[in-house]
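Asker: Sequence plus the predicted model coming up.
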2 protein chains.
Amino acid sequence: MSGRSPSTRSSDRARPDVAVVGAGPIGLAIAWRCAARGLRVVVHDPAPGSGASAVAAGMLSPVAEAYFGEHELTSLLLASAARWPAFAAELTEATGVEVGYRTEGTLMVGLTGDDLAEARRLWAYQQGLGLPVTPLRPTELRDREPALAPRVRGGALAPTDHQVDPRLLVPALRTAAQRAGAVLVAQAVHHLADVDAQVIVVAAGCGAAALTGLPVRPVKGQILRLRAPGGVAPGFRHVIRGYADGEPIYLVPRVDGEVVLGATVEERTDTSVTAGAVLRLLRAGVDLLPELAEYDLVEAVAGLRPGTPDNAPILGPLPGRPDVLAATGHHRHGIVLTPVTADLIADLVTTGVPDPLLAPFRPDRFLADLVDGGGPDHTMEGERWS
Amino acid sequence: MSGRSPSTRSSDRARPDVAVVGAGPIGLAIAWRCAARGLRVVVHDPAPGSGASAVAAGMLSPVAEAYFGEHELTSLLLASAARWPAFAAELTEATGVEVGYRTEGTLMVGLTGDDLAEARRLWAYQQGLGLPVTPLRPTELRDREPALAPRVRGGALAPTDHQVDPRLLVPALRTAAQRAGAVLVAQAVHHLADVDAQVIVVAAGCGAAALTGLPVRPVKGQILRLRAPGGVAPGFRHVIRGYADGEPIYLVPRVDGEVVLGATVEERTDTSVTAGAVLRLLRAGVDLLPELAEYDLVEAVAGLRPGTPDNAPILGPLPGRPDVLAATGHHRHGIVLTPVTADLIADLVTTGVPDPLLAPFRPDRFLADLVDGGGPDHTMEGERWS
């Protein structure tokens, strides 16, 4: 065999156990977990890490993201956030790469009286769920972050809401998956019929709609990357989430001086950066943290989140296709949900039995949208679902 | 000679009549004018067109730029603007390139009552100089530009203030200079002693300070480039200059959909784009012309203008060095002053006699700053002037 080139060897390999479509954090983490269990894994993506994760801020915020009427999603977010410390440590052990996991916690603030009233309503809901949200007196708030504008009316601390850096995470996951034996193929998949494997995992973000007919739609988000001048760390340590004159934004500081300022949520399918969005983000950011005005603006970029009708991910077998597992629709929660998604999908591949945690997120919850229920040989089509 | 490569031929050429240091619009236009008169011209620049002109908006606004106490500069601006139609036509004839010369005129507007009061004081001054400034009633203003915000309190028209596109201009000038016989050498000049020519023209923008000791300092300007969505032209035709809550900005529409929104004026030497500047520009721009919020933000960039102590350019022989002509310090006026600078410097090179128009702009007006007057062999140094 020594006379054969490596590129022809793969065609001689046995049929893969698992083909993962999509090499974002979700797909790569699933590939890593499956390969680590001894499965033969192939990952298909023409441009790994080029989707929503390239724009994501990396907040791990199950508490601050706990919204009215989304109990099941909140449970999944909490379960995944709880796995993050071990997941990050294991990833660093496997690759030698630190992924920017930081535990300073998240400050939630309101700029005006109206903003604070809106925030307090949400904090009360979150406290009602038993989540760790501690309202702070103005002096306590400023003791924690003296850089906050004097105008900021009030805030609360979510100490268990942490952060990670997606631009460190994705290359680390890729290395981990490959070291565990997964093979990356830099090719797009246009039809599931083109993929030959025991199990196909569709982790293609917005691309899942065309492949499966699932009701995944792009939700545009614009973010800015700022940088503290002089190569120093930003003048604040917590992730800051705030309402500023009705505008909800977040500020995520990195040790290298970067600050991610986001994000718009727009029902649009383009990735243009617009003057109005940049204006709204900068105005709200500078209103909350005046020193940002002196920061360099180093990047303005838009991405498309994979949204779903109920804002929750779609995890599990397609109706009538037990060999095709969806792992998509993570919307604004892809980074925080990476560990739990990877673990539970790998379990499902291995055992064939879904974890009870997955029950609320099964693809067949959208069966009612189907004009025509799928049978074993049925290939779902986009228009049936949308 | 056929066995020699082109690159070695130049060393065999006769000593150049004129060496121009700097291939921005000023340097290239001088080279064009000199070469067209039959002089042997070499232009030195490691990166032609990469200085202030790459960031310039291209307003030809002698009227709107007529400020208190700058009579002589205003005269020169008017003289140069008057040359622009023929200059643009000649350039297009020489190169086949249109440089975006547009004659819709400039609207000057004030957003608030305070802004309008400030603007009216300046318009009265400009009218007092006999310049064409026509105050408009609000209905007249909106008839001309319906896209202006309803909040805009008032405005005036400067019909003779036109525009050109610097990013079309510089390549056209380069082509014109080369077709006329000028040779471009992609090399930096660090010392005038390294340049061998009958006459040296220093058109190096901010770089003139280190070469000549003249008091030219960088004045930072940040600008944004927006683009109307859908590939259509912007929803306004005039150049718009306005005060918006005290912030002076301009908006320059191009036929291809681009809008240049500028500019900050900062005593800084870096070229960072800062969050605060982008915020101020966008806020003022959107306040004056709300539809800009829907435009794409395609570029944010900073440049360094060559400023002088009296805000006027430095044109003519260095004290004690009649063979070295300065053509620098054009500050915010480099594009509008290109034709008159090129013509008068080319005249001076040819005849040795300065045009009376140049008198107020001679380098020796800064002689008082010299610790030690320059003699024939004296090389001026920066610290003496600054």
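Answerer: Here it is on my side, so go on.
Asker: Correct me if wrong, but residue A:242 is in a strand.
Answerer: Yes. According to DSSP: H, G, I helix; E, B strand; the rest coil, the state of residue A:242 is that of a strand.
Asker: in chain A, what secondary structure element scores lowest on mean pLDDT?
Answerer: Considering only helices and strands, the least confidently modelled element of chain A by mean pLDDT, DSSP states H and E is helix A:382-385, at a mean of 34.
Asker: Next to chain B, which bits of the stretch 201-350 of chain A? Give me the list.
Answerer: With CB under 8 Å from any CB of the partner chain as the criterion, the stretch 201-350 of chain A comes near chain B at residues A:224, A:226, A:229, A:272-276, A:278-279, A:282-283, A:285-286, A:292-298, A:300. Quick note: C-beta positions are derived from backbone N, CA and C, even for glycine.
Asker: And the top helix by length along chain A, what does it pack against?
Answerer: Secondary structure of chain A per DSSP state H: the longest helix is helix A:71-95. Under the contact criterion of 3 or more CB pairs under 8 Å, 6 or more residues apart in numbering or on different chains; DSSP states H and E, the helices and strands touching helix A:71-95 comprise helix A:166-179, helix A:338-351.
Asker: want to try a markdown table for those, with mean neighbour count and mean pLDDT as columns?
Answerer: Putting those into a markdown table (neighbours: other CB atoms under 10 Å in any protein chain shown; pLDDT from 0 to 100) gives the following:
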| stretch | mean neighbour count | mean pLDDT |
| --- | --- | --- |
| helix A:166-179 | 22 | 98 |
| helix A:338-351 | 22 | 98 |
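Asker: which ones are touching residue A:57?
Answerer: When contacts are counted by CB atoms under 8 Å, 6 or more residues apart in numbering or on different chains, residue A:57 touches A:163, A:166, A:223, A:250, A:252, A:260, A:262, A:263.
Asker: So which of the residues you listed belong to strands?
Answerer: Counting by DSSP state E, the members of the contacts of residue A:57 that fall within strands are A:163, A:223, A:250, A:252, A:260, A:262.
Asker: Widest-spaced pair of the residues you listed?
Answerer: For the ones in strands among the contacts of residue A:57, with distances taken as CB to CB, the pair at the greatest spread is A:163 and A:223 (14.0 Å).
Asker: between the two, who's got more neighbours?
Answerer: Taking neighbours as other CB atoms under 10 Å in any protein chain shown, residue A:163 and residue A:223 compare with residue A:163 leading, 27 against 24.
Asker: can you pull the pLDDT of that one?
Answerer: The confidence metric pLDDT takes the value 98 at residue A:163.
Asker: For it, name its beta-bridge partners.
Answerer: When bridges are called by DSSP bridges, residue A:163 pairs up with residue A:59, residue A:102.
Asker: how about it, what does it touch?
Answerer: With contact taken as CB under 8 Å, 6+ apart, residue A:163 is in contact with A:57, A:58, A:59, A:60, A:100, A:101, A:102, A:239, A:252.
Asker: 7 Å instead?
Answerer: With contact taken as CB atoms under 7 Å, 6 or more residues apart in numbering or on different chains, residue A:163 is in contact with A:58, A:59, A:60, A:102, A:239, A:252.
Asker: what does residue A:333 give?
Answerer: Contacts for residue A:333 were tallied using CB under 7 Å, 6+ apart; they are A:65, A:77.
Asker: Just want the phi and psi numbers for it.
Answerer: Note on residue A:333: backbone dihedrals following degrees, to the nearest 10 are phi -120, psi 20.
Asker: From what I see, residue A:253 and residue A:234 are in contact.
Answerer: Yes. Residue A:253 lies in contact with residue A:234 (CB atoms under 7 Å); the separation is 4.0 Å.
Asker: residues shared between the contacts of these two?
Answerer: With CB under 7 Å, 6+ apart, residue A:253 and residue A:234 have common neighbours residue A:259.
Asker: How many residues are close by residue A:206?
Answerer: Other residues within reach of residue A:206 by the criterion other CB under 10 Å amount to 21.
Asker: Oh, that last question was meant for residue A:368, not what I typed.
Answerer: Taking other CB under 10 Å as the criterion, the count of residues near residue A:368 is 6.
Asker: go on, residue A:278?
Answerer: Around residue A:278 sit 25 other residues, with neighbours defined as other CB under 10 Å.
Asker: residues touching it, list them.
Answerer: Each residue near residue A:278 by CB under 7 Å, 6+ apart is listed here: A:224, A:300, B:278, B:282, B:297.
Asker: Which of the residues you listed fall in strands?
Answerer: For the contacts of residue A:278, membership in strands holds for A:224, A:300, B:297, with DSSP E as the criterion.
Asker: burial of the residue lying closest to residue A:340 once chain neighbours are set aside, as a residue count?
Answerer: Residue nearest to residue A:340 in three dimensions, not counting chain neighbours: residue A:80, with 3.6 Å by CB to CB, 6 or more residues apart in numbering or on different chains. The number of residues packed near residue A:80 is 24, by other CB under 10 Å.
Asker: what's the neighbour count on the residue nearest to residue A:290 when sequence neighbours are not counted?
Answerer: Using CB to CB, 6+ apart and skipping residues adjacent in sequence, the residue nearest residue A:290 is residue A:149, 5.3 Å away. By the other CB under 10 Å criterion, the neighbourhood of residue A:149 contains 16 residues.
Asker: Which secondary structure state does residue A:149 sit in?
Answerer: Three states are possible here, and by three-state DSSP the one that applies to residue A:149 is coil.
Asker: Please report how far it lies from residue A:110.
Answerer: Summarising the geometry, the distance separating residue A:149 from residue A:110, computed by CB to CB, to the nearest Å, is 12 Å.
Asker: for residue A:202, same thing?
Answerer: Look at residue A:202 and residue A:110: by CB to CB, they are 40 Å apart.
Asker: More neighbours: which of these two?
Answerer: In terms of neighbours (other CB under 10 Å), residue A:202 is the more surrounded of residue A:202 and residue A:110; the figures are 27 against 22.
Asker: I'd say the more buried one and residue A:210 touch.
Answerer: No. In this structure, residue A:202 is not within contact of residue A:210 by CB under 7 Å, at 10.3 Å.
Asker: so residue A:187 sits in a helix?
Answerer: No. If the criterion is three-state DSSP, then residue A:187 is coil and not within a helix.
Asker: How about the contacts made by it?
Answerer: By CB under 7 Å, 6+ apart, the neighbours of residue A:187 are A:44, A:46.
Asker: I figured residue A:247 hits residue A:284, correct?
Answerer: Yes. Look at residue A:247 against residue A:284 with CB under 7 Å: they come within range, at 4.1 Å.
Asker: which of those two has more neighbours?
Answerer: Neighbour comparison, residue A:247 and residue A:284: the larger count goes to residue A:284, with 23 against 17 (by other CB under 10 Å).
Asker: give me the number of residues near residue A:210?
Answerer: Neighbour count of residue A:210, defined by other CB under 10 Å: 15.
Asker: Relative to chain B, how far out is the residue nearest to the spatial centre of chain A?
Answerer: With distances taken as CA atoms, centre = their mean, residue A:334 lies nearest the centre of chain A, 1.7 Å away. Here the criterion is CB to the nearest CB, to the nearest Å. By it, residue A:334 lies 25 Å from chain B.
Asker: and if you look at residue A:149?
Answerer: Spatial separation of residue A:149 from chain B under the definition CB to the nearest CB is 14 Å.
Asker: Could you pull up the residues touching that residue?
Answerer: Contacts for residue A:149 (CB under 7 Å, 6+ apart) come out as A:287, A:288, A:289, A:290.
Asker: For the closest residue to the third one other than its chain neighbours, give me the pLDDT.
Answerer: This points to residue A:289. Of all residues not flanking residue A:289 in the chain, residue A:147 sits nearest, at 5.6 Å (CB to CB, 6+ apart). The predicted local distance difference test score for residue A:147 is 97.
Asker: burial of residue A:147, as a residue count?
Answerer: Other residues near residue A:147 come to 15 when the count uses other CB under 10 Å.
Asker: what are the phi and psi angles of it?
Answerer: Backbone dihedrals for residue A:147, given as degrees, to the nearest 10, come out at phi -80, psi -10.
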